[in-house]
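In: got a predicted model here, sequence first, then my questions.
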Amino acid sequence: MKTVNVVAAIIVSEGKILATQRGYGEYKDGWEFPGGKIEPGESPEAALVREISEELDASIEVGEHLITVEHDYSDFHLTMQCFFAVLKDDSHVKLLEHEASRWLSCDELDDVDWLPADVKVVEAIKCRLS
């Protein structure tokens, strides 16, 4: 089975966490933490800064690593490194690849239909913030 290495940002602003809804592909409409594939020779942190710029037209400062999720989808294995992040320089998110976004409080994290790998991230966030 093919392994896909990705990074995801847990972007925190004013006590809320950004969730994005996929606008394409097999998992269209599922909710996820924004991010994407790590390019060869790229650090996870650099990949995250690049991906957030490409997907959300936003600049972030990458913070601490929260969790690395290992998840088997039907046709590939996902390794997803997840980092806390904050928006830089009054940056605002602009959806370039996603259908929708929501800023969720900790109490609202279960209000969206997370993709399977992202469910594990939500659980890690809850443990961390409780």
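Out: Yep, that arrived. Numbering: from 1, shown residues only.

In: the strands in this structure, which residues?
Out: Assigned by DSSP state E, the chain shows strands spanning 3-13, 16-22, 31-32, 35-37, 60-72, 77-87, 98-104.

In: mind putting these in CSV, mean neighbour count and distance to residue 45 included?
Out: To be clear about C-beta, it is placed using only N, CA and C from the backbone, and glycine gets the same treatment. CSV is the format used below for the strands of the chain (neighbours: other Cβ atoms under 10 Å; distance: least, Cβ to Cβ, whole Å):
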stretch, mean neighbour count, distance to residue 45
strand 3-13, 21, 8
strand 16-22, 20, 18
strand 31-32, 22, 19
strand 35-37, 18, 11
strand 60-72, 15, 5
strand 77-87, 19, 7
strand 98-104, 15, 22
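
In: burial count for residue 38?
Out: Using other Cβ atoms under 10 Å, residue 38 is surrounded by 21 other residues.

In: cool, residue 29 as well?
Out: Neighbour tally, residue 29, other Cβ under 10 Å: 13.
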